[in-house]
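Chemist: Following is a predicted model, sequence given first.
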Amino acid sequence: MTGALRGGVDRTTRPVGQALQRVGISADVLTATGSCRLRRPQWPPTTGHFHLAILFLILTGMHDLLDGPVAKASGTASIRGAFFDSVTDRVCDALLLGGVAWYLVSQHRGHLVLLPFASLAVAALISYERAKAEALGIDGAKGGLMERAERMILLGVGFLATMLLVPVLWVMLC
């Protein structure tokens, strides 16, 4: 999420994170269950059930949005937790965009099947670049036009109006 939005989101999610922590929900539980929600019902995009895919995007997005505030509220924010969250995000992205590719194949869309994989590769490369820059002590590798939250919202727009799906994938690639 871009820096301009981060402050407002943090102010909104902090009380929710504190409430979840008080009832005993941990950040790792949110990360794992959010990941499982997308892995288990990975079929909606593959079969063209895009409105159902939007529901799963929202559910996994809520888990991903709240795991950090819960970790902060419980005092358990850690490098290991950030790593776990990042890895599950990449797995979910791969399954989701793999489902979109499967759908495009089933629709006989030719070489467009490569578009979701190219978008996934670019997103993974950007994530790698940021991590490598941070490991090398290079500042300035933060930000960008679209981070994961914005990509998922944009993909949801493509799921909402399937005629926009391919243009959305092109935007995600750029």
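Modeler: Noted; the coordinates are in hand. Numbering: from 1, shown residues only.
Chemist: low-scoring pLDDT stretches of this protein, where are they?
Modeler: Confidence mapping of the chain against pLDDT under 70 gives the ranges 1-6, 36-42, 142-145.
Chemist: and with 80 instead?
Modeler: Scanning the chain for pLDDT under 80 picks out the ranges 1-10, 33-43, 140-146.
Chemist: Would you map the strands across it?
Modeler: Counting by DSSP state E, the chain has no strands to list.
Chemist: Geometric centre of this protein: which residue is closest?
Modeler: R148 (4.8 Å; C-alpha atoms, centre = their mean).
Chemist: show me the contacts for that residue.
Modeler: The contact partners of R148, by C-beta atoms under 8 Å, 6 or more residues apart in numbering, come to 1, 64, 89, 93, 123. For the C-beta atoms, the positions are set from N, CA and C on the backbone; glycine is no exception.
Chemist: The same query, at a cut-off of 7 Å, please.
Modeler: D89 (C-beta atoms under 7 Å, 6 or more residues apart in numbering).
Chemist: Repeat that for V100.
Modeler: By C-beta under 7 Å, 6+ apart, V100 lies in contact with 45, 116.
Chemist: pretty sure L65 is touching T13, no?
Modeler: Yes - applying C-beta atoms under 7 Å as the test, L65 and T13 come out as touching, 6.1 Å apart.
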